[in-house]
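In: Here you go, sequence then predicted model.
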Amino acid sequence: MLRVNKKILIGMIIVCLILFLSSTCVAGMSVQEVISNMQKTYEKQMKGINDYTIVQKGTGGVAALAGETTTYYKKAEIKGEVIYKTRTESVVMGMAMVSIYDGNYNWSNNPMTGEIEKKIAEYNPGQIWKNIDLAKSQYLGEEGIDGEKTYILQIDNALQVMGNQQAMYQQGSESGGFAEAWGKLWISSKSWMPLRMLMEFKAKSMEEAGGMTMIMKMTTDLKDYRQVGTMLHPHQMVMSTTMELDTTGLSEEEKEEREKMMQMMSAMMSGMGSFTIETIDIKVNTGLSDDLFDGSKLE
């Protein structure tokens, strides 16, 4: 009897060890596996694409203030790494704006002063999977979006992955408060393309404003993926923004005052912060000139 129990005990220990090691490997590899599949899919799609141009038009909300936006992409090798240089041209409230990413620097014109600004590029705007830091990411599981299974990643360096980290940091510093940001990515299990992105910002205002803390959530749904040559591209991006107020530590009178202010801000954000961007034209391999991506030639 003792011998049988001993065998059962040993068997249970072995099974537990296998389950533990398996779960550890899955947990440790999940983010890396998703990123690896995103990279392989991207490289396969873009292998024969030397350049491409995308024309987009926004409707509703703050997008109504802008006209069409044209973004040019051209393949280049920078420091042994293949990237796509980008040039984005848009008109906002009648002002022409141009920004260039040349693999090393971000260039932009300031329509108010006419000056050309040059900053070291801290992230790759066209290949978000390159910006994901494994040490600052976590695999959260699966979720269905419009009937399609997705893998969810939590991204702690969301500004670097999905936005302009330096600009947001400066904005938080100049306002006298602080800004934190984190986000999530929903990656399709079929195409390995992002179907949804969420960014959350937590900002504390100046003491003169009562030191209140605001939480802003920006959700982007990438829809209507179509095949353009070998490339998959979302022809519709739906943006929505919500705001919340953290009233922890405030008196009842202060909470009431802040909540009234928040209601006004929320109403404004729901109108201006929700909009759609439609892709109206894509052209591939048209032989774009290198001059388009030369920031020193911006005027």
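Out: Good, I have the coordinates.

In: Give me the secondary structure label for Glu122.
Out: Three-state call for Glu122 (DSSP: H, G, I helix; E, B strand; the rest coil): coil.

In: Would you mind measuring from Asp291 to Glu89?
Out: 14 Å (CB to CB, to the nearest Å). For every residue, glycine as well, the C-beta is placed using N, CA and C.

In: ok, those two, which is more surrounded?
Out: Glu89 (16 against 8; other CB atoms under 10 Å).

In: residues contacting the nearest residue to Val92 once chain neighbours are set aside?
Out: Spatial nearest neighbour of Val92, excluding adjacent residues (CB to CB, 6 or more residues apart in numbering): Ala66 at 4.8 Å. Ala66 makes contacts with Gly58, Ser90, Val91, Val92, Met93, as judged by CB atoms under 8 Å, 6 or more residues apart in numbering.

In: How about Leu292?
Out: Contact partners of Leu292, counting by CB under 8 Å, 6+ apart, are Tyr72, Lys74, Arg87.

In: For the last one, list the residues it contacts.
Out: Counting by CB under 8 Å, 6+ apart, Arg87 makes contact with Thr71, Tyr72, Val98, Ser99, Ile100, Tyr101, Leu292, Phe293.

In: Quick check: phi and psi on the closest residue to it other than its chain neighbours?
Out: Spatially, and ignoring its direct neighbours in sequence, Arg87 is nearest to Tyr72 (4.4 Å; CB to CB, 6+ apart). Main-chain dihedrals, Tyr72, degrees, to the nearest 10: phi -100, psi 140.

In: number of nearby residues for Tyr72?
Out: Per other CB under 10 Å, the neighbour tally for Tyr72 reads 21.

In: Just confirm it contacts Val55, I think it does.
Out: No - using CB atoms under 8 Å, Tyr72 is not in contact with Val55; the gap is 10.2 Å.

In: all helices for the stretch 101-250 of the chain, in order.
Out: 158-162, 165-174 (DSSP state H, counting those that start in this stretch).

In: Quick check: beta-bridge partners of Met97?
Out: Taking DSSP bridges as the rule, Met97 bridges to Ser90.

In: Likewise for Lys223?
Out: Beta-bridge partners of Lys223, as defined by DSSP bridges: Gln236.

In: does it really touch Pro234, like I thought?
Out: Yes - Lys223 is within contact range of Pro234, at 6.1 Å (criterion: CB under 8 Å).

In: the more surrounded of the two?
Out: Ranked by neighbour count (other CB under 10 Å), Lys223 and Pro234 place Pro234 first, with 18 against 14.

In: number of nearby residues for Ile116?
Out: Ile116, neighbours per other CB under 10 Å, totals 16.

In: can you tell me the average pLDDT over stretch 113-126?
Out: Mean pLDDT, stretch 113-126: 85.

In: Ends of that stretch, what's the gap?
Out: Terminal residues of stretch 113-126 lie 28 Å apart, using CA to CA, to the nearest Å.

In: In it, which residues are buried?
Out: Neighbour-count burial for stretch 113-126, counted by 16 or more other CB atoms under 10 Å, picks out Ile116, Ala121, Tyr123, Asn124, Pro125.

In: measure the second one to Thr71 for me?
Out: When distance is defined by CB to CB, Ala121 is 16 Å away from Thr71.

In: One more: the third one?
Out: According to CB to CB, Tyr123 and Thr71 sit 16 Å apart.

In: Turn the buried residues of stretch 113-126 into CSV, columns for distance to Lys184.
Out: Putting those into CSV (distance: CB to CB, whole Å) gives the following:
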residue, distance to Lys184
Ile116, 36
Ala121, 24
Tyr123, 18
Asn124, 20
Pro125, 19
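
In: Name the nearest of the residues you listed relative to Glu256.
Out: For the buried residues of stretch 113-126, the minimum distance to Glu256 (CB to CB) is 41.3 Å, reached by Tyr123.

In: wait, doesn't that closest one sit right on Asn131?
Out: Yes - at 4.7 Å, Tyr123 counts as touching Asn131 under the criterion of CB under 8 Å.

In: Could you pull out the buried residues of stretch 75-85?
Out: Going by neighbour count (16+ other CB under 10 Å), the buried part of stretch 75-85 is Lys75, Ala76, Ile83, Tyr84, Lys85.
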